[in-house]
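Participant: Sequence unavailable; structure follows:
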């Protein structure tokens, strides 16, 4: 089926929409292509806050009228037949008011993707999200800081402001070594494990950051934006799936490493850490909120040897952790989560990482159960936002309809997420929101 949109007068005409010939006696039939087209137009117009007649019948010479029913209302369109000089061919023209589209760029991008909409009307964005060839590579940031370090307190805010723009692309783990102050309460909560992870990188001062196993030179800013942005948008031959269970005080975790491509030669180890998402503690250096605080390593502190299977294979490991209250600050069991990553022993390069908050990559057009979310304004120019009452938002991912991941800064305020889309090219996008209870997804147009 092919289509071409032509502007005529005050209308947009869909010409050359070839469907099987339907006789006048079949005028009530609901042809699937036509039904999908009308439903999609209705949805697009509603989301664009457009106004149009419920009876779409702008052709005075139309002889066939078809009805399309929805739960709330019925829409009609007019089919205007034409004749081919070679052989009879019926072409159906759909006429719509031109002013339902906010600008030519939206019109062009929407129409250029109409074939995708006709083929995948209800699950377009889900198919796009889950049809990638290789998994996304998350950026693992091992952040070495100290609750008594004044320099940490001065540089950490800019670091957090940067990484919060890319939460769907990043895994962050705050490790507290004994330098420069061994009486840091977070270090004291687990000296052996904090010290071992710092020793792996030769940390002799804070703050410092290791990005996917590569130690960033000390400086201000702590993590240059260009360095982070260069690491985004990459893929990995492996995906790490984390499932959690248990009840206080014991947390259980199942970690599965799935291989989708050729793994570079090397000796690999699996690390599985427990982190606390947010700790409220008035530290001596003036910081009062501490994020993704490293609590313990569930594997050996130096990692667990892992032989990665051939592409298509997987390896699963099970762990448990018993929560206890540390001295000097209050820990909450419900704030604990598991972060797993695979690291090459000699180069220290991290192949990939994963948490329970990440979408599950399968390599085929499928994914987790996703609930619909509405973005507003839609179409958007500089920003769009979504409200998820009662949800704790963990991350957001944006893709084009072609499946390319987009780097889109966003902010979260309680149960509201705002995407800053001013740098996106005009077009149609899909966004997936990961919350602690599941996933939400929806489309938006950048005009």
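Facilitator: Perfect, I can see it now. If you're wondering where the values come from, they're calculated on a predicted model, not measured in any experiment.
Participant: For the rest of this, base every contact and every neighbour count on C-alpha atoms.
Facilitator: Noted.
Participant: what about residue 246, how many neighbours?
Facilitator: Close neighbours of residue 246, defined as other Cα atoms under 10 Å, add up to 12.
Participant: Excluding chain neighbours, what is closest to it?
Facilitator: By the measure of Cα to Cα, 6 or more residues apart in numbering, the closest residue to residue 246 outside its immediate chain neighbours is residue 252, 5.3 Å from it.
Participant: Dig out what residue 430 forms beta bridges with.
Facilitator: Beta-bridge partners of residue 430, counted by DSSP bridges, are residue 399, residue 443.
Participant: Residue 241 now?
Facilitator: Counting by DSSP bridges, residue 241 is bridged to residue 256.
Participant: contacting residues for it?
Facilitator: By Cα atoms under 8 Å, 6 or more residues apart in numbering, the residues touching residue 241 are 255-258, 354-356, 358, 360.
Participant: Between these, which sits nearest residue 238?
Facilitator: Of all the contacts of residue 241, residue 258 has the smallest distance to residue 238: 5.5 Å, by Cα to Cα.
Participant: Provide a list of residues in contact with the closest one.
Facilitator: Taking Cα under 8 Å, 6+ apart as the test, what residue 258 contacts is 238-241, 312-315.
Participant: switch to 7 Å and redo it
Facilitator: With contact set as Cα atoms under 7 Å, 6 or more residues apart in numbering, residue 258 has these partners: 238-240, 313-315.
Participant: Let me know the closest of these to residue 330.
Facilitator: Out of these, the member with the shortest distance to residue 330 (by Cα to Cα) is residue 240, at 30.2 Å.
Participant: Next one: the closest one, what pLDDT does it get?
Facilitator: According to the prediction, residue 240 has pLDDT 97.
Participant: ok, it touching residue 256?
Facilitator: Yes - contact criterion Cα atoms under 7 Å: residue 240 and residue 256 qualify, at 5.8 Å.
Participant: More neighbours: which of those two?
Facilitator: Between residue 240 and residue 256, counted using other Cα under 10 Å, residue 240 has the larger neighbour count: 27 against 18.
Participant: so how far is residue 351 from the more buried one?
Facilitator: Using Cα to Cα, to the nearest Å, we find residue 240 at a distance of 10 Å from residue 351.
Participant: just residue 358 next, same as before
Facilitator: Look at residue 358 and residue 351: by Cα to Cα, they are 16 Å apart.
Participant: Please report how far residue 357 lies from residue 434.
Facilitator: In terms of Cα to Cα, residue 357 sits 6 Å off from residue 434.
Participant: Just the buried residues of stretch 208-216, please?
Facilitator: Across stretch 208-216, burial judged by 16 or more other Cα atoms under 10 Å covers 208-215.
Participant: which of those residues sit farthest apart?
Facilitator: Largest separation among the buried residues of stretch 208-216 by Cα to Cα: 208 and 212, giving 13.2 Å.
Participant: just to revisit the earlier point, any common contacting residues for residue 357 and residue 434?
Facilitator: Counting by Cα under 7 Å, 6+ apart, the shared contacts of residue 357 and residue 434 are residue 394.
Participant: Let's test this: mean pLDDT of whichever strand or helix holds residue 395, rounded?
Facilitator: Taking DSSP states H and E as the definition, residue 395 sits inside strand 393-400. Regarding strand 393-400, the rounded mean pLDDT is 87.
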